[in-house]
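>>> quick one: sequence and predicted model below, then my questions.
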Amino acid sequence: MHPFSRDISNQLSFFGIELMECDLDPRDIHDAATFELLQDTLKTIVQITSKPVFLTEENGPERILWHDDPACNHNIPQ
């Protein structure tokens with residue numbers, strides 16, 4: 001499954017019912033418009049699954065580059 005545009009190389013893998021991983025090639029995120037497309041797609045995954053989504057470095061889950069959590073009230077400043 002490839003949920004992103006054809007311009008972003010990716011591979012989506014499922015590890016049971018609770019975890020999925022999407023490997024992206026960071027060289028494909030070359031401008032603000034492409035990063036916005038990535039964010040919009042990740043937000044859609046959050047809406048569909050009602051689960052938090054994290055963008056991290058490869059083999060670096062402790063370094064969160066972006067995240068969205070449906071449990072957070074986005075009207076309250078973080």
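Looks like it came in fine.
>>> same for the helix or strand where Thr41 lies, what does it pack against?
In this structure, Thr41 is located in helix 32-49 according to DSSP states H and E. Helices and strands touching helix 32-49, as assessed by 3 or more C-beta pairs under 8 Å, 6 or more residues apart in numbering; DSSP states H and E, comprise strand 53-57, strand 60-68. All C-beta atoms are positioned from the backbone trio N, CA, C, and that covers glycine.
>>> against Asn59, how distant is Val46?
Look at Val46 and Asn59: by C-beta to C-beta, to the nearest Å, they are 23 Å apart.
>>> what about these two, which has more around it?
Val46 (16 against 6; other C-beta atoms under 10 Å).
>>> and the pLDDT at the more buried one?
Val46 is assigned a pLDDT of 87 by the prediction.
>>> and the one 10 residues further on, by the same measure?
Note on Thr56: pLDDT of 87.
>>> could you do His2 as well?
Predicted confidence (pLDDT) for His2: 50.
>>> what does Asn59 give?
Reading off the per-residue confidence, Asn59 sits at a pLDDT of 79.
>>> try His74
Predicted confidence (pLDDT) for His74: 58.
>>> then Ser5?
At Ser5 the predicted local distance difference test score is 59.
>>> mind listing residues that contact stretch 59-68?
When contacts are taken as C-beta atoms under 8 Å, 6 or more residues apart in numbering, the neighbours of stretch 59-68 outside the stretch itself are Gln39, Leu42, Lys43, Val46, Pro52, Val53, Phe54, Leu55, Thr56, Glu57.
>>> of these, select the buried ones using a PyMOL command.
To isolate the buried subset of these in PyMOL, counting by 16 or more other C-beta atoms under 10 Å, use the following:
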select buried, resi 42+46+53+55
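>>> which SS class is Cys72?
Judged by DSSP: H, G, I helix; E, B strand; the rest coil, the three-state class of Cys72 is coil.
>>> now do the buried residues in the helix holding Thr41.
Judged by neighbour count (16+ other C-beta under 10 Å), helix 32-49 contains these buried residues: Leu37, Leu38, Thr41, Leu42, Val46.
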